[in-house]
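Student: Sequence and predicted structure below; questions after.
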Amino acid sequence: MTGAISAVLFLDQRGKPVLMRDFRGDVPLAKVADRFIAKVNELEEAGAAAPVILDGKLSFLYVQYSNLYVLAVTQTNVNAAATLVFLHKLIEIFKHYFQELEEESLRDNFVIAYELLDEVMDHGYVQFTEAKILSEFIKTDAHKLAVAARPPMAVTNAVSWRQEGLFYKKNEVFLDVVESVNLLVNSNGSVVRSEVVGALKMRAYLSGMPECKCGVNDKVLFEAQGRTGRQKAVDLEDIKFHQCVRLASFERDRTISFIPPDGAFDLMTYRLSQNIKPLIWVECIVEKHSRSRTEYLVKARSQFKERSTATSVEILLPLPPDAISPTVRTSQGTATYAPEKDALVWKIKNFPGGREFLLRCKFGLPSVAAEEEAQGRLPPIKVKFEIPYYSVSGIQIRYLKVIERSGYQALPWVRYLTQAGSYEIRMHN
Amino acid sequence: MADGKYFSTTKKGEIHELKVELGALDKSKKKDAVKKVIAAMTVGKDVSPLFPDVINQMQTDDMELKKLVYLYLINYAKTQPDLAIMAVNTFVKDSQDPNPLIRALAVRTMGCIRVDKITEYLCDPLHRCLKDEDPYVRKTAAVCVAKLYDINAELVEDRGFLDMLKDLIGDANPMVVANAVAALSEIQELSGKPVLELTQATVAKLLRALNECTEWGQVFILDSVVNYTPADARDAEGVIERVLPRLQHANSAVVLSAIKVIIKNMQYLQDEGTVLQLQRKLAPPLVTLLGAEPELQYVALRNIALVIQAQPGVLANDVKVFFVKYNDPSYVKMEKLGIMMRLVNERNIDQVLLEFKEYATEVDVDFVRKAVRAIGYCAVSIQSAAERCINVLLELIQTKVNYVVQESIIVIKDIFRRYPNRYESIIGTLCDSLESLDEPEAKASMIWIIGEYAERIDNADELLEQFLESFPEETAQVQLQLMTATVKLFLKKPVEKPQQLIQLVLTYATQETDNPDLRDRAYIYWRLLSTDPEAAKDVVLAEKPTISATSDALDPSLLRELLGELGSLASVYHKPAASFVSKLRLAVQRAEDLAAAAARGSASGDSEALTSAVVAESPLAASAGATPTAPAAAAPAPVPDLLGDLLDLDVPAPAPAAAAAAAAAAATELPVVFGEDKGKGVVVRASLVQAPAGGYDYELSVSNVSAGVPLDGFMIQFNKNSLGLAPASQAVQLDPVLPGATGSARVPMTHAAHLQAPEQGNVLQVAIKCNQLGVLYMNDTIPQHLMAPPAQQQPLDFF
């Protein structure tokens, strides 16, 4: 399989080009935009829109972002996964440069945008997409260098993500362990799927070229070292690393060693699908008193240890779109009706472990229901929360070592946070 | 800062105004003018008349300005080739600038200017830059070779750029290596020449570079390494070991490409245990891909569908991860549903069924329909769960949601056909929803059920009568069903009412309709019923063969091809790349690939490896069984098609009929190398023969047995062979072969040193392509008496 992208286009919602860059000169660019938008509209009407479209011999791969279509066109059997990752990275780069990427900001920065497109791709092959390194030699007007820019070492170096010669007075590194719980509960109350997706989010403010090593209580590692039983270890199902981590050495002996990029990045993400007890359990009993009067009785229960507290809890309870004047009472927090979401938003600032709160909501329905819409199952209940200083998987950072030639001492700061990811509880009908 | 202002001018004399501004003395004014020009270009205005004025700004120290001018040049050089030459001097000068950024920029831009005159001047700077001390310049120059090849392939070969590019594979800098790989892959595909030969040593080199590349470089390398055929199991294991760590990469594209390489090499492993262990390792990364952005999830899901079809074990226990989230985009939901259907089995059916039921009550109509179909699929494919599925369908029918009911009835019809005489008790419930049916397929299904079980439905005649009221307005599908159902009813209950109905239907269908199918069927029924009602019973009420679950499984050879292209567009479309990429390019490459692969396999001297390599690699092997001598003898020659031969007589105008007949006769004597059993509807007979004027010809005849269309555009390619033979021209002089006809040709051969492969023995692998059937692979043998020609360098003790 070989293939390259013929052109990258930024189109507005009506399909008018805002900016485009032809990389191979093998497609008639003027017609491409029209063809694309016609095809997208046609497919959307048929309910068959997909992010990869074949139209004759032309292939369109696109991502919708704010008010733009970011589109790659090709005539070859290009690597679709790579192309779509590239489009997302391109959006990231433009956001890094212009704060926000939308029609307006793109037009306001078209000179830079062309320069960037010239650097990230050559002849339809992706070249380089590290925003921080790019900004070393492609500057915005605001801070233009007097001397002519040269390509930074990093562009072609093995360490392509870190610029040289960084200096911080205080060398610090912050490591946030953020775990998102994805949960799907069926309307009969059984847990269909529960999964934890974790990320080690690092912010590194370190001088020079620091060598870092990070240790976690990884079960595979502990078993390999024969340290079973003493400490709690976590069985991480699939681990993904930032490109700075040496994958070969992880594969060899499970050590996580790397030279970090400057600033914030995701060092590692992982997934566990062992069944965990839902941290916040929500039950909604629907009482239909009559054709036009319905009542919700909602119980929310926290099922984690008492010393932890969930904050910013938000429970989104769906109401029928034609609900009339809901009235709510809660035992904790506030609940408001959000007609634009067809839902009741129940917010609880602090939700300590091992507690249960109640909500009661009464609402009416029009006495004459439209026959056709009689179906309409309600969307699931959605829950958002954060539990600081708590890791649901039990993962622990055992150490974080920083070694640099100059021999400075770096301060590592570690925090834990568990939050709701896609947390859905299906309603009874 | 806000460059948006440059877009604002819409005045009439804009071009002229810009011309004046470009001629200004003030530098910043000039630069502003260039920006305006680019802005105008961006919104699609033609600013080509300003060409000389813009090019004049090229010589500048201002990097930003330079880049803008270059951008302009790339866009308009083609329209003004004569003026474009003005730019050459600056390019040449820039390519020697002390700043590597400027050197690279010059080479990069020059390559994008597709003007022949400029191309010649590009050679010297390119030559220099390929050997530049700065890797940034070298990596840019590497890509530039591919650009140049596209414009002028001959020039690239004459100037030795290909060899320089090949040298860059060994470059110390991983980024340069990656770009060289990308460029060589492209040239290989364009030219069909094996410029990127993947030997064990090269692959080892590439895999070493993998650790230090950027993520994109890793993708290039993995996408190219997948074309490597390992020499043996140990070699394959080595490749897998090197690639395995990539599964931990954060970039989904790297992960998918790594999976592709691993799956390809897994075929060569012999130890079952290792294979099983690898399968287990593949599952988690595949699942994690579902956490990426929705667009990537889509690509991942399309690929997972391929992987689980080839290796059902990989995600057998993971059906849960494909459960649909409420906020998934519709295209993700549809794909997930498809994968759940593939993974459903007796163990997880309860859980999956519950999910499908949930989906069937959502709001997205298309998704709901597919969910109902999925329930029907479960019922038909898992016998033990059929009853549970039917109960779910009945519950769904109770919802009275129009499209759910209709879709349910369609699948229940399938269930009835799969399990006849078992679930008729539910017919009553179905009949309650009769009024809500308005879609032809649902109506037709319901009518079929009524007709099929007419004897058990007391008021079947009334029900059919209801439908018959609108008979003339119905679609053909419904009309046909209605007619058949009425006939069935009549045969089962030959009483007064049905008799009236049948009269009504047949009269209408024979006299008033324009639809020939309907009319003909009506006549058949009529005659059948009037001559022998018992015979009619035997025919119309005959026992039907049971159906099985219709699966959308891909053809095995296509599946194998697509697995080698995971992550690519082909893998997303589930279509061979040849179907949407210019065919010629690919066909040639395939044949070459095959040649290279076979040569590598045999280069190890291990004939066992050769066989297995070919078996796994080429579609040829799948059909030909890979035993070198078998094909010629094995396939029975089909009966010569006389009609075809007759037709063939009047095709070649100048050749006398007798000669053509002789050719056809000769053709039947040639051994069959591609039999009818391949299912392409074409038989190819061929043999290598001594040419009258010395050297060799490849004599071949193509019989279009049942392809259904005239075949034309024949091309031929040889794999490496012991005589080092290649067709003198790839195009075969063969007139279009009409259906039923046979065409013959003699293809002169030449000697091609790079195709010489003594270890191939008497095996001659041939690929023939025609516009209609794509590429056909066949195994021929070199006749014994031709194996030792005078110019033979090959040792004879081989046999």
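Tutor: Looks like it came in fine.

Student: how deep is residue 181 tucked in, by neighbour count?
Tutor: Picking chain A for this. 24 (other Cβ atoms under 10 Å in any protein chain shown). Where C-beta positions appear, they are placed from N, C-alpha and C, glycine not excepted.

Student: Chain B was what I was after
Tutor: 27.

Student: now the helices for the stretch 1-150 of chain A?
Tutor: With DSSP state H, counting those that start in this stretch, the ranges of helices along the stretch 1-150 of chain A come out as A:29-45, A:80-98, A:103-108, A:110-120, A:131-137.

Student: Show me which residues of the second one are buried.
Tutor: Neighbour-count burial for helix A:80-98 flags A:80-91, A:93-95, A:97-98 (criterion: 16 or more other Cβ atoms under 10 Å in any protein chain shown).

Student: Next, the angle helix A:110-120 makes with it.
Tutor: Put simply, helix A:80-98 runs at 140 degrees to helix A:110-120, going by axes from the mean of the first three to the mean of the last three Cα atoms, to 10 degrees.

Student: So which of the buried residues of helix A:80-98 would count as near chain B as well?
Tutor: A:80, A:81, A:82, A:84, A:85, A:86, A:87, A:88 (Cβ under 8 Å from any Cβ of the partner chain).

Student: mind giving me the domain split of chain B?
Tutor: B:3-254, B:629-798 (automatic domain parsing).

Student: so which of these gets nearest chain A?
Tutor: Ranking the domains of chain B by proximity to chain A (Cβ to the nearest Cβ) places domain B:3-254 first, at 3.7 Å.

Student: And residue A:322, which helix or strand is it part of?
Tutor: When elements are assigned from DSSP states H and E, residue A:322 belongs to no helix and no strand.

Student: Next, count neighbours for the nearest residue to it once chain neighbours are set aside.
Tutor: Distance criterion Cβ to Cβ, 6 or more residues apart in numbering or on different chains; nearest residue to residue A:322, sequence neighbours excluded, is residue A:366 at 5.5 Å. Counted with other Cβ under 10 Å, the neighbours of residue A:366 add up to 12.

Student: from what I can see, residue A:366 looks like it's in a helix, true?
Tutor: No. Residue A:366: not assigned to a helix; according to DSSP: H, G, I helix; E, B strand; the rest coil it is coil.

Student: What does the pLDDT read for it?
Tutor: Here, the pLDDT recorded for residue A:366 equals 82.

Student: Quick check: it touching residue A:292?
Tutor: Yes. Applying Cβ atoms under 8 Å, one finds residue A:366 in contact with residue A:292, separated by 7.1 Å.

Student: about what we covered before: closest to residue A:152 out of the ones next to chain B among the buried residues of helix A:80-98?
Tutor: Minimum distance to residue A:152 across these is 20.7 Å, recorded for residue A:86 (Cβ to Cβ).

Student: Give the closest residue to the closest one in space, chain neighbours not counted.
Tutor: Residue A:86 sits nearest to residue A:126 (Cβ to Cβ, 6+ apart), 4.9 Å away.

Student: Confirm for me that that neighbour is in contact with residue A:120.
Tutor: Yes. Here residue A:126 reaches residue A:120: they are 6.7 Å apart, a contact under Cβ under 8 Å.

Student: Which one of these two is surrounded by more residues?
Tutor: Set residue A:126 next to residue A:120 and count neighbours by other Cβ under 10 Å: residue A:126 wins out with 25 against 22.

Student: re earlier: and the furthest pair within the ones next to chain B among the buried residues of helix A:80-98?
Tutor: Between any two of these (Cβ to Cβ), the greatest distance is 12.9 Å, for A:80 and A:88.

Student: all strands in chain B, in order from the N-terminus.
Tutor: Secondary structure of chain B (DSSP state E): strands at B:672-674, B:682-690, B:696-704, B:715-718, B:725-727, B:742-751, B:763-770, B:774-781.

Student: now these in TSV, with distance to residue B:251, mean neighbour count and mean pLDDT?
Tutor: Listed next are the strands of chain B as TSV, based on distance: least, Cβ to Cβ, whole Å; neighbours: other Cβ atoms under 10 Å in any protein chain shown; pLDDT from 0 to 100:
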stretch	distance to residue B:251	mean neighbour count	mean pLDDT
strand B:672-674	43	25	77
strand B:682-690	44	21	80
strand B:696-704	47	24	81
strand B:715-718	37	23	80
strand B:725-727	41	21	79
strand B:742-751	46	19	79
strand B:763-770	36	24	79
strand B:774-781	34	22	77
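
Student: Quick one, which of the ones you listed gets closest to residue B:306.
Tutor: Checking these against residue B:306 by Cβ to Cβ gives strand B:774-781 as the closest, at 20.0 Å.

Student: chain center to the closest one: distance?
Tutor: 20 Å (Cα atoms, centre = their mean, to the nearest Å).

Student: try stretch A:203-215
Tutor: 24 Å.

Student: Kindly report the same for stretch B:483-502.
Tutor: 50 Å.

Student: now swap in stretch B:361-379 and tell me
Tutor: How far stretch B:361-379 lies from its chain's middle: 28 Å, per Cα atoms, centre = their mean.

Student: Quick one: residues in contact with that stretch.
Tutor: A:47-48, A:375-377, A:429, B:330, B:333-334, B:337, B:340-341, B:344, B:349, B:352-353, B:356-357, B:359-360, B:385-386, B:389-390, B:392-393, B:396, B:399, B:401, B:403-404, B:407-408, B:410-412, B:414-415, B:418, B:549 (Cβ atoms under 8 Å, 6 or more residues apart in numbering or on different chains).

Student: Is there a quick PyMOL command that grabs whichever of these are buried?
Tutor: To isolate the buried members of those in PyMOL, using 16+ other Cβ under 10 Å:
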select buried, (chain A and resi 375+376+377) or (chain B and resi 333+334+337+340+341+344+349+352+353+356+357+359+360+385+386+389+390+392+393+396+399+401+403+404+407+408+410+411+412+414+415+418)
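
Student: What count of nearby residues applies to the residue nearest to residue B:32 when sequence neighbours are not counted?
Tutor: Sequence neighbours aside, residue B:21 is the residue nearest to residue B:32 in space, at 7.1 Å (criterion: Cβ to Cβ, 6+ apart). By other Cβ under 10 Å, 18 other residues sit near residue B:21.

Student: Residue B:560 too?
Tutor: 19.

Student: how close does it sit to residue B:224?
Tutor: Separation of residue B:560 from residue B:224 (Cβ to Cβ, to the nearest Å) stands at 19 Å.

Student: Next: residue B:491.
Tutor: Taken as Cβ to Cβ, the span from residue B:491 to residue B:224 is 66 Å.

Student: Quick one: residues contacting the spatially most central residue of chain B.
Tutor: The geometric centre of chain B, computed from its C-alpha atoms, lies nearest to residue B:576 (Cα atoms, centre = their mean), at 1.6 Å. Contact analysis of residue B:576 by Cβ under 8 Å, 6+ apart lists B:558, B:561, B:562, B:570, B:774.

Student: pLDDT wise, what is it at?
Tutor: 92.

Student: One more: residue A:67?
Tutor: pLDDT, read off for residue A:67, is 91.

Student: Same check on residue A:167?
Tutor: Looking at residue A:167, the pLDDT reads 93.

Student: Report the separation between it and residue A:264.
Tutor: Applying Cβ to Cβ to residue A:167 and residue A:264 gives a distance of 18 Å.

Student: next one: residue A:70
Tutor: Taken as Cβ to Cβ, the span from residue A:70 to residue A:264 is 23 Å.

Student: Phi, psi for the residue nearest to the centre of chain B please.
Tutor: phi -60, psi 140 (degrees, to the nearest 10).

Student: In the stretch 51-200 of chain A, mark out all the strands, start to finish.
Tutor: Counting by DSSP state E, counting those that start in this stretch, the stretch 51-200 of chain A has strands at residues A:52-55, A:58-65, A:68-74, A:121-122, A:125-126, A:172-185, A:191-205.

Student: Give me the sheet partners of the second one and which way each runs.
Tutor: Using DSSP bridges, the neighbouring strands of strand A:58-65 in the sheet come out as strand A:52-55 (antiparallel), strand A:68-74 (antiparallel).
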